[in-house]
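sequence? don't have it. structure:
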């Protein structure tokens, strides 16, 4: 089972619903291209919804970091939504949980971008 | 993934406490190794949380073997051996590469490495397993050994040996 990602726009925020496996190979390269594409379109508020991610490995974690850096370098923000326990635990083990802005509630996550933009 | 996909294995030997399998060095076989690992870890008596940790450690080891060891050359093989003991599971994974020195790896938790894209695989293996060893076998390749102890109280569902490497040999 490979990774699937669909993009939707909620107000000014680009929400990416990711499902399946973010692992070395197809899953990682798909996510990388998708983020590059969004950044090149000028979408600088990106919310990655990881609720349906079944498996993530060290390469997948690297890809999340890469996405975070790519968006941040363009003056944007990348946040994470709805981590499964497995992803949550991995981000804690790798000390990345504090790097990412993680949300459980989509509406609150969206409004957190608005606040940042208005600040 | 279906258990039947194991037909992709080049060779496979199973008995009460030992599973040995040789897989084509291709990323698609990482999932095959995961399925075998999950089954073996469950049989050994590990709970779901530990089964996932062991599965992830094997996943990362397979990636290392296929990607770094065998340089993504599908004519090469990765050999796996699982042995269930009464108190632990030992997994050996061997590639045909030139090996690596795990002591030379940067700490992925250091502030300056936190936002690096790679360098977390071995760290995760060490975090999830009780022991991790790397050995270069002259003329053969690199073998990593992963060991996970069963917490007291957990029991293998079947099989499991008391002694060290009792001689078992069967095919099929």
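Ah, there it is. Because the structure is a prediction, the values reported are computed rather than measured.

make it CA atoms for all contacts and neighbour counts henceforth
OK.

measure the residue nearest the centre of chain A to residue B:39 for me?
With distances taken as C-alpha atoms, centre = their mean, residue A:48 lies nearest the centre of chain A, 3.0 Å away. Per C-alpha to C-alpha, to the nearest Å, residue A:48 is found 32 Å from residue B:39.

cool, residue A:75 as well?
Separation of residue A:75 from residue B:39 (C-alpha to C-alpha): 46 Å.

which stretches of chain B form helices?
B:28-44, B:48-63, B:121-128 (DSSP state H).

and chain A, which residues reach chain B?
Residues of chain A found near chain B (C-alpha under 8 Å from any C-alpha of the partner chain) are A:1, A:24-25, A:57-59, A:61-63, A:65-66, A:69, A:94-96.

can you give me the strands for the chain?
Chain wasn't specified; assuming chain A. Along chain A, counting by DSSP state E, strands occupy A:4-10, A:13-22, A:45-56, A:77-81, A:101-103.

ah, no, chain B please
Taking DSSP E to define them, one finds strands in chain B at B:11-14, B:18-24, B:77-84, B:88-95, B:131-137, B:141-149.

Confidence-wise, which of these is weakest overall?
Lowest mean pLDDT of those: strand B:11-14, a mean of 76.

From the chain's centroid, how far away is that one?
Mean-position distance between strand B:11-14 and its chain equals 15 Å (C-alpha atoms, centre = their mean, to the nearest Å).

So for the residue in chain A that chain B sits nearest to, what's the nearest residue that isn't a sequence neighbour?
Nearest to chain B in chain A, going by C-alpha to the nearest C-alpha, is residue A:62, at a distance of 4.1 Å. Residue nearest to residue A:62 in three dimensions, not counting chain neighbours: residue B:117, with 4.1 Å by C-alpha to C-alpha, 6 or more residues apart in numbering or on different chains.

hang on, residue A:62 packs against residue B:118?
Yes - using C-alpha atoms under 8 Å, residue A:62 makes contact with residue B:118 at a distance of 5.6 Å.

circling back to that earlier point, which residues touch the residue nearest to residue A:62?
With contacts defined as C-alpha atoms under 8 Å, 6 or more residues apart in numbering or on different chains, residue B:117 is in contact with A:59, A:61, A:62, A:63, A:65, A:66.

For the residues you listed, which entry has the maximal number of neighbours?
Neighbour tally across these (other C-alpha atoms under 10 Å in any protein chain shown): the maximum, 26 neighbours, falls on residue A:63.

pLDDT value on it, please?
pLDDT at residue A:63 comes out at 96.

In this structure it contacts residue A:30, no?
No - contact between residue A:63 and residue A:30 fails when scored by C-alpha under 8 Å: they sit 10.0 Å apart.

Of residue A:75 and residue B:39, which one has the most company?
Neighbour totals were compared for residue A:75 and residue B:39, and residue B:39 leads with 14 against 10 (other C-alpha under 10 Å).

Look up how far residue A:86 lies from that one.
Using C-alpha to C-alpha, we find residue B:39 at a distance of 19 Å from residue A:86.

what do you get for residue A:48?
Distance from residue A:48 to residue A:86, by C-alpha to C-alpha: 16 Å.

next one: residue B:80
Going from residue B:80 to residue A:86 by C-alpha to C-alpha gives 25 Å.

likewise residue B:104?
28 Å.

neighbours around residue A:87, how many?
Neighbours of residue A:87 under the rule other C-alpha under 10 Å: 20.
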